[in-house]
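In: output the structure for:
(2 chains)
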Amino acid sequence: MIEDEVLKWRFRRGSREALARIYEKYVHLLLSIAMGLLNDAHEAEDVVQDVFVSFAKGAGGFELKGSLKAYLATSVVNRVRDRTRRERIQRRRMDEPAPLPLDQSEPDEPLVYSERCRRLAEALAELPYEQREVVVLKVKDGMKLKDIARLQGVSISTVNGRCRYGLDKLRALLGSEV
Amino acid sequence: MNREDRFEKTVGKDLEVRASDRTYKRMHRVVLVAHGSTERTQTLTLAGRLVMDKPAVKFAIAAVVIAAVLFGLFEVLSPGGSSGVVWAEVARRVEASPGFISRMRQTHTIEGMDQPLEFYTMTYNSLHGSRLENFQGDELAVTTYADYESGTIVSLLHGSKQYTRQILPPNEAPQNEMAMNPRSIVADFLAGDYKELGRRTIEGVQAEGIEVTKIPNGAANFQIDSEVAQLWVSVETGYPVMLESTTVGNGGKIRIEMIIDQFQWDVDFDPRQFKAEIPPDYTLLEMPQP
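Out: Got it, this is the predicted structure:
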């Protein structure tokens, strides 16, 4: 996309407007991806904020030849993985059960989404993480399987299998909803 | 569309999350604070600064105007705009061209001046930088080098054997650089309509044109009151062959007529052509750094 190429270029040269436009353009997509991966509005918000803050701070040394959208989506995935890994270690140390997803009815809800979206995020949370990642990146970001394979460090056929199994399970979990 | 595809599409559509207004604004603020830059003020381009700071180089390029016109046109030509396939292709082709040469002729009519300023500029533009040669009559008056990598702009004022050097702060560089680089598109510059002008033969080339009449004054060093710009593209090659514009500003006190033609596209330049070579007998003309 030509607009993204200009935004990347302007951002690298320090343009605040370019950053603002990138935020405006992609924040909701990234929140959707993060929500699909985490099933937690507050966590999703934190992850996306972290991604943008880190992105904003790195303006000077920013070099990107590929797609800006894919770069940001991948940044969300990496943050989610880091966070999940950290939490797993923490829980193991503390021997505590995983925290339950926050109730959507909580008054200070940072994100806005439909009931169908909430049920979908819950169903996605039932998938093994790798399958969830493939499904979310493919259906929400439109990422190609070969790019997801590179991101996950596995073969395309493995990603293809994860995608198929993930979608099958998701369909079974959602039943007649979709 | 089969059942699987429909399911994927539905999942993609249903997984739609938006930040609440409060979250959106809060995150926006946090992100911009992290960026650490101050609000960018309206900056002048190199041309604007030269014109204002040094009367001797009043004829220096009004690259701002070129930028305004070209960016405006390219914006409407961009695939995201309302243009058709052919025009979108033009934008892509121009964007992809590694280098180009063009000639720009300008007539500046400014209130208070005895007669209009007339000059022309040869532009040599690559991904590495630009070189602009400004002629008065047949005499080379100013050569300006813009090195994109270092953000340095050097102008050689041949009449007085002086030169200026400016190193642009990173925050200011884009606008100046944009002004020097008509391939680039200023995303927020114009989302206006254009009028198709049909076909016309320009120096033996069958060309198709469009006209833009509303271009915001985002990059000029004067208030633009009105602007009409026409872009003519070769039917055969899909590359621009001529660009004409008339700009009126400061309540009619400034009028700039411009024609850019003699385009050569896809030129592969040696980057060394954009490094300023200052003759040993030229002296530095101190100018306020931006």
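In: where does pLDDT dip in the chain?
Out: Because you didn't say which chain, this covers chain A. Within chain A, the stretches with pLDDT under 70 are A:1-3, A:60-61, A:88-108, A:176-178.
In: wrong one, I was asking about chain B
Out: Ranges of chain B meeting pLDDT under 70: B:1, B:36-92, B:95-96, B:168-194, B:214-222, B:286-290.
In: show me it divided up by domain.
Out: Domain segmentation of chain B under automatic domain parsing yields B:3-35, B:52-284.
In: now do chain A
Out: The record assigns chain A these domain ranges, following automatic domain parsing: A:1-112, A:114-178.
In: dump the ones you listed to JSON lines, plus distance to chain B and mean neighbour count.
Out: Quick note: C-beta positions are derived from backbone N, CA and C, even for glycine. Output for the domains of chain A, formatted as JSON lines (distance: least, C-beta to the nearest C-beta, whole Å; neighbours: other C-beta atoms under 10 Å in any protein chain shown):
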{"stretch": "domain A:1-112", "distance to chain B": "4", "mean neighbour count": "18"}
{"stretch": "domain A:114-178", "distance to chain B": "4", "mean neighbour count": "18"}
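In: need those domains in TSV (columns: distance to residue B:201).
Out: Shown next, in TSV, are the domains of chain A (distance: least, C-beta to C-beta, whole Å):
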stretch	distance to residue B:201
domain A:1-112	30
domain A:114-178	44
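In: quick one, helices of chain A?
Out: Here chain A has its helices, by DSSP state H, at A:2-12, A:16-38, A:41-57, A:68-94, A:115-125, A:129-136, A:145-152, A:156-174.
In: nearest to residue B:116, out of those?
Out: Evaluated with C-beta to C-beta, the helices of chain A place helix A:2-12 nearest to residue B:116, the distance being 34.5 Å.
In: just to revisit the earlier point, switch the domains of chain B over to TSV; also include mean neighbour count and distance to residue A:41.
Out: Formatted as TSV, those follow (neighbours: other C-beta atoms under 10 Å in any protein chain shown; distance: least, C-beta to C-beta, whole Å):
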stretch	mean neighbour count	distance to residue A:41
domain B:3-35	16	8
domain B:52-284	18	31
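In: for residue B:283, list each beta-bridge partner.
Out: residue B:162 (DSSP bridges).
In: that one is in contact with residue B:164, isn't it?
Out: No - contact criterion C-beta atoms under 8 Å: residue B:283 and residue B:164 do not qualify, at 10.6 Å.
In: returning to that earlier point: out of the domains of chain B, which gets nearest to residue A:66?
Out: For residue A:66, the closest of the domains of chain B is domain B:52-284, at 16.6 Å, according to C-beta to C-beta.
In: hang on, the earlier thing: go through the domains of chain A and name the closest to residue B:134.
Out: Nearest to residue B:134, of all the domains of chain A, is domain A:1-112, at 25.4 Å by C-beta to C-beta.
In: the helices of chain A: which one's closest to residue B:124?
Out: helix A:2-12 (20.2 Å).
In: give me the angle between the closest one and helix A:41-57.
Out: Calculated by axes from the mean of the first three to the mean of the last three C-alpha atoms, to 10 degrees, helix A:2-12 forms an angle of 70 degrees with helix A:41-57.
In: tabulate the CA atom coordinates of helix A:2-12 in PDB.
Out: Output in PDB follows, covering the C-alpha atoms of helix A:2-12 (Å, rounded to 0.1, in the frame of the first residue of the first chain):
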ATOM      1  CA  ILE A   2       1.400   3.300  -1.000                       C
ATOM      2  CA  GLU A   3       0.100   5.100   2.000                       C
ATOM      3  CA  ASP A   4       1.900   2.700   4.300                       C
ATOM      4  CA  GLU A   5       5.100   3.200   2.500                       C
ATOM      5  CA  VAL A   6       4.900   6.900   2.900                       C
ATOM      6  CA  LEU A   7       3.900   6.500   6.600                       C
ATOM      7  CA  LYS A   8       6.900   4.300   7.200                       C
ATOM      8  CA  TRP A   9       9.200   6.700   5.500                       C
ATOM      9  CA  ARG A  10       7.800   9.700   7.300                       C
ATOM     10  CA  PHE A  11       7.700   7.900  10.600                       C
ATOM     11  CA  ARG A  12      11.400   7.000  10.200                       C
END
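In: that older thread, to residue B:99, which of the helices of chain A lies closest?
Out: So among those, helix A:2-12 is nearest, using C-beta to C-beta, at 16.8 Å.
In: what is the closest one packed up against?
Out: Helix A:2-12 sits against helix A:16-38, helix A:68-94, helix B:85-96, with contacts defined as 3 or more C-beta pairs under 8 Å, 6 or more residues apart in numbering or on different chains; DSSP states H and E.
In: which secondary structure elements does the longest one sit against?
Out: Helix A:68-94 is packed against helix A:2-12, helix A:16-38, helix A:41-57, helix A:145-152, with contacts defined by 3+ C-beta pairs under 8 Å, 6+ apart.
In: next, the angle helix A:16-38 makes with the first one.
Out: Right, helix A:2-12. Taking the same axes, to 10 degrees, one finds that helix A:2-12 is oriented at 110 degrees with respect to helix A:16-38.
In: list of residues touching the helix or strand encompassing residue B:18?
Out: According to DSSP states H and E, residue B:18 maps onto strand B:17-19. Residues from elsewhere that reach strand B:17-19, judged by C-beta atoms under 8 Å, 6 or more residues apart in numbering or on different chains: A:27-28, A:31-32, A:34-35, A:41, A:44-45, A:110-113, A:117, B:24, B:27.
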